[in-house]
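>>> Using only what follows, build the 3D model:
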Amino acid sequence: METSNAPQVPATVPVMTIERFSELSGLTADTIRGQIQQGNLPFIKVGRRRLVNVALLTAECMNGEEWS
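Presented below is the predicted three-dimensional model:
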């Protein structure tokens, strides 16, 4: 098994790149881009890059479910 020298970013960060979100979710980067374009995934723009807004996605999921 190959080990990566890239820094390990925890899934609890407020935003992450489409590529990192793809790795963690198991979805392709193209699928994630499509979901962003359809308005199904929250994102922010930083310069020319789009970052998945994980904090907002988590909050929306927590508010949309019955947790009691």
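
>>> For residue 50, what are phi and psi?
Main-chain dihedrals, residue 50, degrees, to the nearest 10: phi -100, psi 130.

>>> Can you tell me the closest non-neighbouring residue to it?
Leaving aside its sequence neighbours, residue 50 sits nearest to residue 43 (Cβ to Cβ, 6 or more residues apart in numbering; 4.9 Å). Every C-beta, even on glycine, is put in place using the N, C-alpha and C of the backbone.

>>> One more: residue 53?
residue 42 (4.1 Å).

>>> cool, and residue 12?
In space, and not counting its chain neighbours, residue 12 is closest to residue 54: 7.9 Å by Cβ to Cβ, 6+ apart.

>>> neighbours of the one you found, just the number please.
A count of neighbours around residue 54, defined by other Cβ atoms under 10 Å, yields 20.

>>> got the contact list for it?
By Cβ atoms under 8 Å, 6 or more residues apart in numbering, the contact list for residue 54 reads 11-16, 21.

>>> Would you mind putting those into CSV with secondary structure alongside?
Output for the contacts of residue 54, formatted as CSV (DSSP: H, G, I helix; E, B strand; the rest coil):
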residue, secondary structure
11, coil
12, coil
13, coil
14, coil
15, strand
16, strand
21, helix
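
>>> Quick one, which of those residues are buried?
15-16, 21 (16 or more other Cβ atoms under 10 Å).

>>> Of the residues you listed, which is the nearest to residue 61?
Nearest to residue 61 among those is residue 21, at 14.2 Å by Cβ to Cβ.

>>> ok, and the closest non-adjacent residue to that closest one?
Leaving aside its sequence neighbours, residue 21 sits nearest to residue 52 (Cβ to Cβ, 6+ apart; 4.4 Å).

>>> now stretch 61-68: mean pLDDT?
Averaging pLDDT along stretch 61-68 yields 71.

>>> now the strands for this protein?
With DSSP state E as the criterion, the chain has strands at 15-17, 43-46, 49-53.

>>> okay, these in TSV with distance to residue 34 and mean pLDDT next?
Formatted as TSV, the strands of the chain follow (distance: least, Cβ to Cβ, whole Å; pLDDT from 0 to 100):
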stretch	distance to residue 34	mean pLDDT
strand 15-17	16	95
strand 43-46	12	95
strand 49-53	12	96
